[in-house]
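*Asks:* pasting a predicted model and its sequence here:
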Amino acid sequence: MRASVRERYGIQTSLIYQLSPSSVSTLTMITYAPSCHAVAKSKDSTARNSLALRGRTSQRERSMVVTGMSSTLPIFLTGLCFLLLKPTCCSGSSILVVPVDGSHWINMEVILRELHSRGHNITVLRSAHSWYIPSNSSLYTAINVSMLEDETNKDFYNDMLRNVAECRRSLTFIRSFCQQHLLTSMLANGHKILARSAATMLDDNVFMKKLQDSKFDLMLTDPALTLGVILGSYLKLPMVFNVRWINNGEGHFAVAPSPVSYVPVSGSELHDQMDFQERTKNMLHYLYSVVEQDFIINPMYSDLLQRHFPPGTDLLSLERSADIWLLRADFVFEFPRPTMPNVVYIGGFQCKMSRPLPAELEAFMQSSGEHGVVVMSLGTIVSALPRDTTEAMAAAFAQLPQKVVWRFSGKEPSSLGNNTLLVKWLPQNDILGHPKTRAFVAHGGTNGMYEAIYHGVPVLGLPLLFDQFDNVLRLKVRGAARVVEVKSLTKENFLEALKDILETPSYRNNIKHLSELHRDRPMSPMDTAIFWIEYVIRNKGAAHLQPASFSLPWYSYFCLDVAVLIMALVGALVWASVLVCRVLCCRRFRSKIKAE
């Protein structure tokens, strides 16, 4: 292929193979669109194409094809030159990345791979005790620092799972507040560690001098880890967030108008159609998050920010200074809500067409026959469920005609059936895209939910922690999922839910429709993310997209001062009117007395 192109056109084909997939697609369109248009105008194009496919093209038709290809050569060369000579002001830019570990790293790594393929130089600031972020990588240069040392033990999350399970036994109205309290306790501990880590770095003049001398063009970070926000602001770098969560909740609530009358607060387990009681609950959750931000989180950073930033700086103002928020959300999944011009939606950007499975796993999938396979995974944080729960699930799986692939760690359940394969790791995106996959039993993590939507696989949700309860609720409201509470899971109710998901066509039909909506867009989420990252690099920021609302005090934002003025004027007018009426009445009364 390369030799023939070089011989015919004298082109350095190594350059062609360095083009990004989007550039290759553009080049293909530039090259062949005119010839396709010409063929479409021909009356006998269908017959000619059919003959060509069957290998019976006539000599006249072959000459027409050759002529058409020759006529497109100038267009091909023009398009190629355009792509190869296009401005490369941000190619080879230097990007500093501060990621979050765990499943958040999976998201960030996908973006880093694409940025690396486009020639950018990437430096990753990682914890020396990181679970998933490797210190040696062909994608980036790693800077190892000491942070989050108190949470490197994954048993921390298993302990929290047990505490959340206890909260779930409370009354429906208050259990979400119980979970929020647990999360606040965890956040308080985490922010203490982060504040110490940030102070250590900013006070280390040698370390900061090295970072400043590196002359980075951009800070790319996940603001769930406040260290990246603080470091990027201190270095005065243009900043892009790869974000779903900030320090005290869902990212929208920091950057966009969020009317609590129809926008559910994270952790509330509510949807956008709320009655009076639900709106009351939503408002209480919102007030809780405000108190958490102002009185628990901000004080932990106050000393650090006073020493290194201008007066009046707080954590929220640093977050709002980000140029672009790449929000891992899509309104196919999220409820409709107000937004801002510097918020870009890239939900599902990590999803892609499935690749072939490993031979052993593929053989297992094919052995399922017409019944297909149920896939189960509980993500990257929680290593194991309670023993009685796993036994009940294994017993339920054993009664299905489907095969089951279960990502599992720990002691094998005694009730495990012959139809169930236990694996320590599975290629989740690839197996969800397999034609034999019939259902996905998941904990409700964002990555898994978008992969299920992308591939059109109905979900049986087993939410465990954090936003997972809200995530599975969103699919349940859209008729694409069912939810089973781990606290009350039995063999019988789990089996009933499995059969319902597998045998009721509406679940698959609804999620197939969501998949179609999710894919029907002018630009892929990944291309969108890369465009806006490079946009910020090219333009050294995107301050023109930041609304003035960020600099307004709360009373000005809600126009309360204007409302007070209007009320005062109205009150003064009423008072003056009453006074005039009293004066006139008094005069008439006195005149009447004098007349008498």
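*Replies:* Great, that's in hand.
*Asks:* the strands in the stretch 451-596 of the chain, which residues?
*Replies:* Assigned by DSSP state E, counting those that start in this stretch, the strands in the stretch 451-596 of the chain fall at 459-461, 481-483.
*Asks:* so where is the protein shaky, pLDDT-wise?
*Replies:* Low-confidence segments of the chain, defined by pLDDT under 70: 1-91, 147-158, 171-173, 380-384, 594-596.
*Asks:* in it, where's the longest helix?
*Replies:* The residue-count maximum for a helix in the chain (DSSP state H) belongs to helix 560-595.
*Asks:* what strand or helix carries the nearest residue to Leu270 once chain neighbours are set aside?
*Replies:* Residue nearest to Leu270 in three dimensions, not counting chain neighbours: Pro264, with 4.0 Å by Cβ to Cβ, 6 or more residues apart in numbering. (Each C-beta comes from the backbone N, C-alpha and C, glycine too.) For Pro264, there is no helix or strand it lies in under DSSP states H and E.
*Asks:* for Ala142, same thing?
*Replies:* strand 141-145.
*Asks:* quick check: neighbours of that strand in the sheet, parallel or antiparallel?
*Replies:* Strand pairing for strand 141-145, determined by DSSP bridges: strand 121-127 (parallel).
*Asks:* could you export the partner strand as PDB, CA atoms only?
*Replies:* Only the C-alpha atoms of strand 121-127 are listed here, as PDB (Å, rounded to 0.1, in the frame of the first residue of the first chain):
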ATOM      1  CA  ASN A 121       4.200  16.400  25.700                       C
ATOM      2  CA  ILE A 122       2.500  15.300  28.900                       C
ATOM      3  CA  THR A 123       3.700  15.400  32.500                       C
ATOM      4  CA  VAL A 124       1.600  13.600  35.100                       C
ATOM      5  CA  LEU A 125       1.700  14.500  38.800                       C
ATOM      6  CA  ARG A 126       0.900  11.200  40.600                       C
ATOM      7  CA  SER A 127       0.900   9.900  44.100                       C
END
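*Asks:* centre of the chain versus that strand, how much separation?
*Replies:* Remark: strand 121-127 is offset 20 Å from the chain centroid, using Cα atoms, centre = their mean, to the nearest Å.
*Asks:* go on, stretch 568-575?
*Replies:* Distance of stretch 568-575 from the chain centroid (Cα atoms, centre = their mean) equals 51 Å.
*Asks:* go on, stretch 584-596?
*Replies:* Remark: stretch 584-596 is offset 77 Å from the chain centroid, using Cα atoms, centre = their mean.
*Asks:* CA-only coordinates of that stretch in CSV, if you can.
*Replies:* Extracted in CSV, the C-alpha atoms of stretch 584-596 (Å, rounded to 0.1, in the frame of the first residue of the first chain):
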residue,chain,number,x,y,z
LEU,A,584,-56.8,65.8,52.4
CYS,A,585,-59.2,64.1,54.7
CYS,A,586,-58.1,66.2,57.6
ARG,A,587,-58.6,69.4,55.6
ARG,A,588,-62.1,68.4,54.5
PHE,A,589,-63.0,67.4,58.0
ARG,A,590,-61.8,70.8,59.3
SER,A,591,-63.6,72.7,56.6
LYS,A,592,-66.7,70.8,57.4
ILE,A,593,-66.4,71.7,61.1
LYS,A,594,-65.9,75.4,60.3
ALA,A,595,-68.9,75.4,57.9
GLU,A,596,-71.1,73.9,60.7
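*Asks:* so what's the spatially most central residue of the chain up against?
*Replies:* Central residue check for the chain by Cα atoms, centre = their mean: the C-alpha nearest the mean position is that of Arg328, 1.8 Å away. Going by Cβ atoms under 8 Å, 6 or more residues apart in numbering, Arg328 touches Asn107, Asn242, Val243, Arg244, Ile346, Gly347, Phe349, Thr446.
*Asks:* in strands, which of those appear?
*Replies:* Among the contacts of Arg328, the members found in strands (DSSP state E) are Asn242, Val243.
*Asks:* now render the contacts of Arg328 as JSON lines, adding distance to Gly479 and neighbour count.
*Replies:* Output for those, formatted as JSON lines (distance: Cβ to Cβ, whole Å; neighbours: other Cβ atoms under 10 Å):
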{"residue": "Asn107", "distance to Gly479": "27", "neighbour count": "22"}
{"residue": "Asn242", "distance to Gly479": "30", "neighbour count": "28"}
{"residue": "Val243", "distance to Gly479": "28", "neighbour count": "27"}
{"residue": "Arg244", "distance to Gly479": "24", "neighbour count": "21"}
{"residue": "Ile346", "distance to Gly479": "25", "neighbour count": "24"}
{"residue": "Gly347", "distance to Gly479": "19", "neighbour count": "23"}
{"residue": "Phe349", "distance to Gly479": "25", "neighbour count": "23"}
{"residue": "Thr446", "distance to Gly479": "20", "neighbour count": "24"}
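*Asks:* what is the neighbour count of the residue nearest to Asn418 when sequence neighbours are not counted?
*Replies:* Spatial nearest neighbour of Asn418, chain neighbours left out: Ala398 (7.6 Å); criterion: Cβ to Cβ, 6+ apart. By the measure other Cβ atoms under 10 Å, the count of residues near Ala398 is 17.
*Asks:* show the backbone phi and psi for Ala398.
*Replies:* phi -60, psi -20 (degrees, to the nearest 10).
*Asks:* touching, it and Thr420? I think so.
*Replies:* Yes. With contact defined as Cβ atoms under 8 Å, Ala398 counts as touching Thr420 (6.8 Å).
*Asks:* how far does the one helix or strand Glu391 maps to sit from its chain's centre?
*Replies:* For Glu391, the host element (DSSP H and E) is helix 387-398. Offset of helix 387-398 from its chain centre (Cα atoms, centre = their mean): 32 Å.
*Asks:* send the alpha carbons of it over as PDB?
*Replies:* The C-alpha trace of helix 387-398 is given here as PDB (Å, rounded to 0.1, in the frame of the first residue of the first chain):
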ATOM      1  CA  ARG A 387     -20.500 -13.200  51.900                       C
ATOM      2  CA  ASP A 388     -24.200 -13.900  52.200                       C
ATOM      3  CA  THR A 389     -24.900 -11.500  49.400                       C
ATOM      4  CA  THR A 390     -22.400 -13.200  47.000                       C
ATOM      5  CA  GLU A 391     -23.900 -16.600  47.900                       C
ATOM      6  CA  ALA A 392     -27.400 -15.400  47.100                       C
ATOM      7  CA  MET A 393     -26.300 -13.900  43.800                       C
ATOM      8  CA  ALA A 394     -24.300 -17.000  42.800                       C
ATOM      9  CA  ALA A 395     -27.300 -19.200  43.500                       C
ATOM     10  CA  ALA A 396     -29.600 -16.900  41.400                       C
ATOM     11  CA  PHE A 397     -27.100 -16.900  38.500                       C
ATOM     12  CA  ALA A 398     -27.000 -20.700  38.700                       C
END
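*Asks:* residues of it that come out buried?
*Replies:* By neighbour count on 16 or more other Cβ atoms under 10 Å, the buried set for helix 387-398 is Thr389, Thr390, Glu391, Ala392, Met393, Ala394, Ala395, Ala396, Phe397, Ala398.
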